[in-house]
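In: the sequence and its predicted three-dimensional model are supplied below.
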Amino acid sequence: MTESTHIACPHCNAVNRVPSSRLGDHGTCGRCKGTLFDRKPLELNAANFDLQTGKSDIPVVVDFWAPWCGPCRAMAPHFEKAAAKLEPRVRLAKVNTEEEQGLAARFGIRSIPTLAVFRHGLEVGRQSGAMDAASLERWISQFV
């Protein structure tokens, strides 16, 4: 019997069961046929946050940011680069704190950018401040 991994689809939020040995095969969602890994950060909001962070078996790294934040804008290309390199071992996602003030308050975000790592819906790590791609990859690797 093959061990499987639950992955929430970034397009329709359906939870898919994927054989662990096939995670890197760029699978498609059983419901919407969208790709399960786009190798770019996923935009999260109040409607999909709990499902994406709680139903996937892989860690989800969330960048809490705002469009007016200079360090957030400076880190964005590095975060994209890290997403392209680290998926499917981990999913990288972003929450715009201007649009999702309820999520920012719920997680006590006091400064941005703030990165939080979630496993099965629980926060397991947090780091504030901008990082380059290499630093992001090093920091995230401790949670994979």
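Out: Yep, that arrived. Residues are numbered from 1 along each chain as shown.
In: so where do the helices sit in the protein?
Out: Assigned by DSSP state H, the chain shows helices spanning 49-54, 70-86, 101-106, 133-141.
In: can you count the residues close to residue 59?
Out: 20 (other C-beta atoms under 10 Å). Every residue, glycine included, has its C-beta placed from N, CA and C.
In: was I right to think it contacts residue 118?
Out: Yes - using C-beta atoms under 8 Å, residue 59 makes contact with residue 118 at a distance of 6.8 Å.
In: do you know the pLDDT at residue 39?
Out: Note for residue 39: predicted pLDDT of 94.
In: which residues touch it?
Out: With contact set as C-beta atoms under 8 Å, 6 or more residues apart in numbering, residue 39 has these partners: 83, 84, 87.
In: ok so, going back, how about the helices of the chain in a markdown table, adding mean neighbour count, mean pLDDT and distance to residue 16?
Out: Below are the helices of the chain laid out as a markdown table (neighbours: other C-beta atoms under 10 Å; pLDDT from 0 to 100; distance: least, C-beta to C-beta, whole Å):
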| stretch | mean neighbour count | mean pLDDT | distance to residue 16 |
| --- | --- | --- | --- |
| helix 49-54 | 19 | 98 | 12 |
| helix 70-86 | 18 | 97 | 19 |
| helix 101-106 | 14 | 98 | 24 |
| helix 133-141 | 16 | 96 | 22 |
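In: which of those sits closest to residue 32?
Out: helix 49-54 (14.1 Å; C-beta to C-beta).
In: adding distance to residue 18, write the helices of the chain out as TSV.
Out: Converted to TSV, these look like this (distance: least, C-beta to C-beta, whole Å):
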stretch	distance to residue 18
helix 49-54	15
helix 70-86	17
helix 101-106	27
helix 133-141	21
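In: any idea how far residue 93 is from residue 134?
Out: Applying C-beta to C-beta, to the nearest Å, the value for residue 134 to residue 93 is 20 Å.
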